[in-house]
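Q: sequence and predicted structure are below.
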Amino acid sequence: MDQPRALVIGGGIGGLTAAVALRQRGWAVTVLERAPELAPVGAGLALAPNAQRALDVIGLGDQVRALSAWQGDGGLRAPSGRWLSRTSSEAAADRFGGPVVLVHRATLVSLLASALPEGVVRTGTAAELTDVGGDGRPAVVSTPDGAWEAELVVAADGIRSAARRVLFPDHPGPRYTGLTTWRMVVPAFGRPFAPHETWGRGRLWGTQPLKDGRVYAYAMATAPEGAHAPDDERAELRRLFGGWHDPVPGIIEAADPAQVLRNDVHEMAEPLPAYHRGRVALLGDAAHAMQPTLGQGGNQAIEDAIVLAHHAGPAHHGGPAHQAESAHYAGPVGAFGTAAASAAELAAGLASYSADRLPRTTAIVRQATRAGRMTAVGNPVAVAVRDALIVAVSRFGPGLILRGFAGIADWRPPEHTYASGTPRQ
């Protein structure tokens, strides 16, 4: 009897994590990625302890930590350079069971892809969900090479998810938040600095070191939707942040203008009714796009993937050798034999996935929205009040500030399968 078959639409971090997790559960997996290659944007990703524990389940947590920079002591600053609050990496690690680590997105994507056999990821393959499937019939995905059938489709196709519109055509989808972001990675800066985020009037800047000495920087500001700089985005950053404290101006000057990424911020203000329908499950931005203010977008996609694989259930046969032989079974319509997973079991599993993930991610989306309102404050009096409150709260020590991440960073996966055999961080 053949393995149950899963198609993953989208080869980003969430989609690849789902592919690795499902394959370890015994599914035959194929990833369909529209882009010609797995080439993530040049940006860093902060992985909090919750995402690291999720990666531990599939045996990749230790490798990620080894490839990442551990976030040191830093804090929140005003544009003048004045520290509004200080953070303690040791206190955060004690509170949440491990440190926050920073990894380049390309490094994480490469690691996840290397955990899959050759041929599982098919780049340059646009995929369209044409049938969500149901009792007695598989889901169907159309590609330029023909239609594909699968017992499970994982839609990890991002914030503009076409699959989401098929599942929930009446849902309004993500809305523009009034904020736009810039991201860049610059060469080694040449002098040490403390990781920091700086809040100004409707503007935010963040600077974090990467493992190899390069610097990841990000910025956010209020702006009309779809706006772009009249010249280049580095020049726009110079106009907005060039007068801020050191090392901000130097980082802007070190950036390659062609490598400065700008993206408007959208969020799922109205939650979806579920994260599944038929034999299709949504994850990551396709399900719960959120503001980057908590640094949890990618973290929650990784959580989604692990929880989905848990609820989708294991195949009823076959160890690693059989999995390797079956890795290429997923293919066009007519290429399969009998499904190993019953429709009833999968339906129950997907319902449990929605029940687990929808309340948690909806709450985090809303918390990120509240944090975004604080950073978007533009009135000088309101900014002064905000900063004074931050200073006052910081006087009670890091515990009160860290309380805002309680229930987020201390999340535990449904299976404590630490494949590396090492103690939990």
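A: Thanks, I have the structure now.
Q: which helix or strand contains the most centrally placed residue in the chain?
A: The centre of the chain sits closest to residue 298, judged by C-alpha atoms, centre = their mean, with a distance of 1.2 Å. Here residue 298, judged by DSSP states H and E, is contained in helix 297-312.
Q: cool, and residue 91?
A: Under the assignment here (DSSP H and E), residue 91 is part of helix 89-96.
Q: OK, contacts around residue 287?
A: 164, 268, 272, 275, 304, 357, 361 (C-beta atoms under 8 Å, 6 or more residues apart in numbering). The way it works is simple: take the backbone N, C-alpha and C, and place the C-beta from them, glycine included.
Q: buried residues, the lengthiest helix in the chain. List them.
A: Secondary structure assigned by DSSP state H gives helix 343-375 as the longest helix of the chain. Buried residues in helix 343-375, defined by neighbour count with 16 or more other C-beta atoms under 10 Å: 343, 346, 349-350, 352-354, 356-358, 360-362, 364-365, 367-369, 371-372, 375.
Q: any idea which helix or strand of the protein has the worst average confidence?
A: helix 320-326 (a mean of 38; mean pLDDT, DSSP states H and E).
Q: find the nearest non-adjacent residue to the residue nearest to the centre of the chain, please.
A: Leaving aside its chain neighbours, residue 298 sits nearest to residue 45 (5.0 Å; criterion: C-beta to C-beta, 6 or more residues apart in numbering).
Q: what distance do you get for that neighbour to residue 87?
A: 18 Å (C-beta to C-beta, to the nearest Å).
Q: sorry, back to before: got the CA positions of the helix holding residue 298 in CSV?
A: The C-alpha trace of helix 297-312 is given here as CSV (Å, rounded to 0.1, in the frame of the first residue of the first chain):
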residue,chain,number,x,y,z
GLY,A,297,5.7,35.8,11.7
GLY,A,298,8.2,33.1,10.7
ASN,A,299,8.2,31.6,14.2
GLN,A,300,4.4,30.9,14.0
ALA,A,301,4.8,29.4,10.5
ILE,A,302,7.3,26.9,11.9
GLU,A,303,4.9,26.1,14.8
ASP,A,304,2.1,25.6,12.3
ALA,A,305,4.1,23.1,10.3
ILE,A,306,5.0,21.0,13.3
VAL,A,307,1.5,21.0,14.7
LEU,A,308,0.0,20.2,11.3
ALA,A,309,2.3,17.2,10.9
HIS,A,310,1.4,16.1,14.4
HIS,A,311,-2.3,16.2,13.7
ALA,A,312,-2.1,14.8,10.1
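Q: which helices and strands does that helix pack with?
A: Packing contacts for helix 297-312, counted by 3 or more C-beta pairs under 8 Å, 6 or more residues apart in numbering; DSSP states H and E, involve helix 13-24, strand 44-47, helix 49-57, strand 152-155, helix 285-288, helix 343-375.
Q: got those as a markdown table, with distance to residue 104 columns?
A: Formatted as a markdown table, the helices and strands packed on helix 297-312 follow (distance: least, C-beta to C-beta, whole Å):
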| stretch | distance to residue 104 |
| --- | --- |
| helix 13-24 | 12 |
| strand 44-47 | 6 |
| helix 49-57 | 15 |
| strand 152-155 | 24 |
| helix 285-288 | 19 |
| helix 343-375 | 23 |
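Q: in stretch 26-43, what's buried?
A: Quick answer for stretch 26-43 (16+ other C-beta under 10 Å): 26, 27, 28, 29, 30, 31, 32, 33, 38, 40, 42, 43.
Q: identify the farthest-apart pair in these.
A: Comparing all pairs in the buried residues of stretch 26-43 by C-beta to C-beta, the longest separation belongs to 26 and 42, at 35.6 Å.
Q: about what we covered before: nearest to residue 73, out of the helices and strands packed on helix 297-312?
A: Once the helices and strands packed on helix 297-312 are compared by C-beta to C-beta, strand 44-47 is nearest, at 15.0 Å.
Q: for the closest one, give the mean pLDDT please.
A: Averaged across strand 44-47, pLDDT comes to 94.
Q: contacts for that strand, please.
A: 13, 55, 64, 68, 71, 100-105, 108, 183, 185, 208, 210, 216, 218, 295, 298-299, 302.
Q: same check, this time on stretch 381-397
A: The contact list for stretch 381-397, computed with C-beta under 8 Å, 6+ apart, reads 76, 78, 84-86, 91, 199-201, 374, 377, 400-401.
Q: and the residue nearest to the centre of the chain, what does it touch?
A: Neighbours of residue 298 in contact, by C-beta under 8 Å, 6+ apart: 13, 14, 45, 47, 51, 105, 284.
Q: roughly how far does it sit from residue 201?
A: 28 Å.
Q: phi, psi of residue 249?
A: phi -60, psi -40 (degrees, to the nearest 10).
Q: quick revisit: what's the next secondary structure element after the helix holding residue 91?
A: strand 101-104.
Q: could you point out the longest strand in the protein?
A: Of all segments of type strand in the chain, defined using DSSP state E, the longest is strand 175-186.
Q: give me the low-pLDDT residue ranges for this structure?
A: Across the chain, the ranges flagged by pLDDT under 70 are 1-2, 315-341, 397-401, 415-425.
Q: ok, 50 please
A: Counting by pLDDT under 50, the chain shows low-confidence ranges at 1, 317-340, 417-425.
Q: for the nearest residue to residue 299 once chain neighbours are set aside, what are its contacts?
A: For residue 299, ignoring the flanking residues on the chain, the nearest one in space by C-beta to C-beta, 6+ apart is residue 51 at 3.9 Å. Residues in contact with residue 51 (C-beta under 8 Å, 6+ apart) are 298, 299, 302, 303.
Q: could you redo the last one with a cut-off of 10 Å?
A: Listed by C-beta atoms under 10 Å, 6 or more residues apart in numbering, the contact set of residue 51 reads 13, 17, 45, 61, 64, 100-101, 108, 295-296, 298-303, 306, 409, 411, 413.
Q: state the distance from it to residue 42.
A: From residue 51 to residue 42 the distance is 20 Å (C-beta to C-beta).
Q: give me the nearest residue to residue 158, chain neighbours excluded.
A: Excluding the flanking residues, the one nearest residue 158 by C-beta to C-beta, 6+ apart is residue 285, at 5.1 Å.
Q: the one you found reaches residue 156, doesn't it?
A: Yes. Residue 285 is within contact range of residue 156, at 8.4 Å (criterion: C-beta atoms under 10 Å).
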